[in-house]
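*Asks:* Here is a sequence together with a model predicted from it:
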Amino acid sequence: MTTIGYVCGFIGAGLTLASYTMKSMIPLRLVALAANVFFVAYGWLEAALPSLLLYSAMILINTKKAWDIRKLVRAIENAKSDAPMAEWLLPHMTRRQAKAGHTLWKKGDVSTEMVYLESGTLSLVEHQEQLAPGSLVGEIGLFAPDNRRTLTVVCATDCTLYSLTTDGMAQLYYQNPKLGYHLMRLVVARLLHDTEKARGFPSHENKQMGVF
């Protein structure tokens with residue numbers, strides 16, 4: 001005999017399957033959250049304690065995940081075209097310290113991360129150029145066809161850095177494809193900077209520069 005509890009369980013199962021077909025993270029989390037609610041109802045009505053405890057915990061997890069993703073989306077949507085990327089990207093990066101003389105990467109290394117310089121000075125060895133705090137380093141290398149660095153980056157002084165790995169960037173992009181617009185803006189700014197430098201013109205960009 002079909003009961004209300006079993007109906008809730010079947011609805012929860014259907015919503016769970018539907019969540020696996022979704023590509024956008026916010027709808028996925030919301031549908032998964034709705035599925036958890038129906039499974040909790042099933043566990044309560046059918047006295048299925050394991051299901052009740054499991055999906056009660058999943059409600060908390062999916063609510064937290066949905067809230068985090070929504071905060072990221074709102075931050076990206078509210079970012080102006082000239083807003084520093086660090087304003088919304090830093091919370092998703094890992095902070096670390098690096099001593100003077102430490103080499104972040106060498107020319108030809110595989111690109112595995114991009115780095116934001118909070119304090120200190122970075123040196124672009126081949127260009128004999130210094131990067132000041134506020135610079136973003138390495139984002140182009142993450143998307144280069146051969147995924148290789150074309151410049152060596154060394155800490156000229158003790159530095160405070162924030163890093164984001166290739167996997168971390170892919171996860172953020174999956175959560176909100178609008179991130180691609182902001183990355184494109186950074187890449188274009190870097191290419192313009194390199195073009196001006198090659199022509200001998202002074203660059204107007206002092207911060208948010210990405211290098212390989």
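*Replies:* Yep, it's here.
*Asks:* which ones are touching P145?
*Replies:* By C-beta atoms under 8 Å, 6 or more residues apart in numbering, no residues touch P145. (Glycine included, C-beta is placed from N, CA and C.)
*Asks:* cool, and the one 4 residues further on?
*Replies:* R149 makes contacts with 105-111, 138, 141, 212, as judged by C-beta under 8 Å, 6+ apart.
*Asks:* Of all the helix elements in the protein, which one is longest?
*Replies:* Identified as the longest helix of the chain according to DSSP state H is helix 49-78.
*Asks:* packing partners for that one?
*Replies:* helix 25-45, helix 86-89, helix 166-175 (3 or more C-beta pairs under 8 Å, 6 or more residues apart in numbering; DSSP states H and E).
*Asks:* Pull the distance from the last one to the chain's centre.
*Replies:* How far helix 166-175 lies from its chain's middle: 5 Å, per C-alpha atoms, centre = their mean, to the nearest Å.
*Asks:* Assign a three-state SS to C8, would you?
*Replies:* helix (DSSP: H, G, I helix; E, B strand; the rest coil).
*Asks:* Just give me the residue closest to the centre of the chain.
*Replies:* Computing the C-alpha centroid of the chain and ranking residues by C-alpha atoms, centre = their mean puts L172 first, at 3.4 Å.
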